[in-house]
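1. Predicted model follows, preceded by the sequence.
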Amino acid sequence: MIQLIQRIASKYKVGLHPSVQKASVSEHFFTSDKLGNLEDNNKKDGYEKILRNEKMIIEKLSAKRVTKSRQHYIQLNFPTTYEAILQIGIAEDYSMGYSTISGFRASYTGAFSWFHLLNNEETALKIFPFCYMDATQIFHERNTPEAASSKMEYYYQQFKQYGGCFIPIFHNQFLSEQNNFAEWRRIYADFCLRRL
């Protein structure tokens, strides 16, 4: 895994995809001597501590500063998640979307600064909304690859009409060489060839 992370980081931008483990489970690994003394256990509690340690691991292994994140399973807890990622130095987050349906969760296609309602202030955290995810098509909307392709095209046209960022999410397992995902791999490739 270390070699894979280093190989990817040598060619591409890297970001944080935080785990969903509880602090009690994570503390043992994240403070392991294998990666050096990453964080004093007395400095931070809970989620922020886990995020900080995971970020430090990725930065150490990739030899790059990490400033982007997307929450695993799109788990957002407002305002806690955004407060925590701001505290650890994340500048951009790509979690603003639905996990069970397609669409623009923020009703906006462009990136925007997160406004902290409780503090009544605009923050430095930039939110990049996504509108389409392959896992949503497969597991929640139960679309065929053809129907999913049409839906992706619809959201792409919305982006073209209104501007902003078109951010679909694709998971590597659905782009693999496994026979049962061949059609999903094909629609992704076709879309990229036509639109990129």
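-> Done, it's in.
2. Distance of the most centrally placed residue in the chain relative to E183?
-> The residue lying closest to the centre of the chain (Cα atoms, centre = their mean) is R70, at 2.2 Å. Going from R70 to E183 by Cβ to Cβ, to the nearest Å gives 25 Å. Heads up, the C-betas are built off the backbone N, CA and C, glycines and all.
3. Could you do C192 as well?
-> C192 sits 15 Å away from E183, going by Cβ to Cβ.
4. more neighbours, the two?
-> Shown here are C192 and E183; by other Cβ atoms under 10 Å, E183 has more neighbours (15 against 11).
5. isn't K68 right up against P18?
-> No. With contact defined as Cβ atoms under 8 Å, K68 does not count as touching P18 (11.7 Å).
6. which of these two has more neighbours?
-> Under the neighbour definition other Cβ under 10 Å, K68 and P18 were set side by side, and P18 has more, 21 against 17.
7. Please settle this for me: is that one part of a helix?
-> No. With DSSP: H, G, I helix; E, B strand; the rest coil as the criterion, P18 is assigned coil and is not in a helix.
8. contacting residues for it?
-> Neighbouring residues of P18 by Cβ atoms under 8 Å, 6 or more residues apart in numbering: I50, L51, E54, S69, Q71, H72.
9. Out of the residues you listed, list just those in strands.
-> If you go by DSSP state E, the contacts of P18 have S69 in strands.
10. on contacts alone, who are the packing partners of the longest strand along the chain?
-> Counting by DSSP E, the longest strand found in the chain is strand 121-127. Judged by 3 or more Cβ pairs under 8 Å, 6 or more residues apart in numbering; DSSP states H and E, the packing partners of strand 121-127 are helix 80-87, strand 92-93, strand 112-116.
11. what's the last one in contact with?
-> Surrounding strand 112-116, the residues in contact under the criterion Cβ under 8 Å, 6+ apart are P79, Y82, E83, D93, A106, E121, E122, T123, A124, L125, K126, I127.
12. Closest one of these to T144?
-> A106 (28.1 Å; Cβ to Cβ).
13. residue contacts, the nearest residue to I2 once chain neighbours are set aside?
-> Setting aside the residues directly before and after it, I2 is nearest to L61 in space (Cβ to Cβ, 6 or more residues apart in numbering), at 5.7 Å. Contacts for L61 (Cβ under 8 Å, 6+ apart) come out as I2, I5, Q6, A9.
14. try 7 Å
-> Going by Cβ atoms under 7 Å, 6 or more residues apart in numbering, L61 touches I2, I5, Q6.
15. coming back round to it: relative orientation of the longest strand of the chain and helix 80-87 in degrees?
-> 90 degrees (axes from the mean of the first three to the mean of the last three Cα atoms, to 10 degrees).
16. low-scoring stretches of this protein, by residue?
-> With pLDDT under 70 as the threshold, the chain has low-confidence stretches at 21-45, 196.
17. So which residues of it form helices?
-> 2-11, 23-30, 46-62, 80-87, 134-135, 145-162, 182-195 (DSSP state H).
18. does K68 really touch E92, like I thought?
-> Yes. Using Cβ atoms under 7 Å, K68 is in contact with E92, at 4.6 Å.
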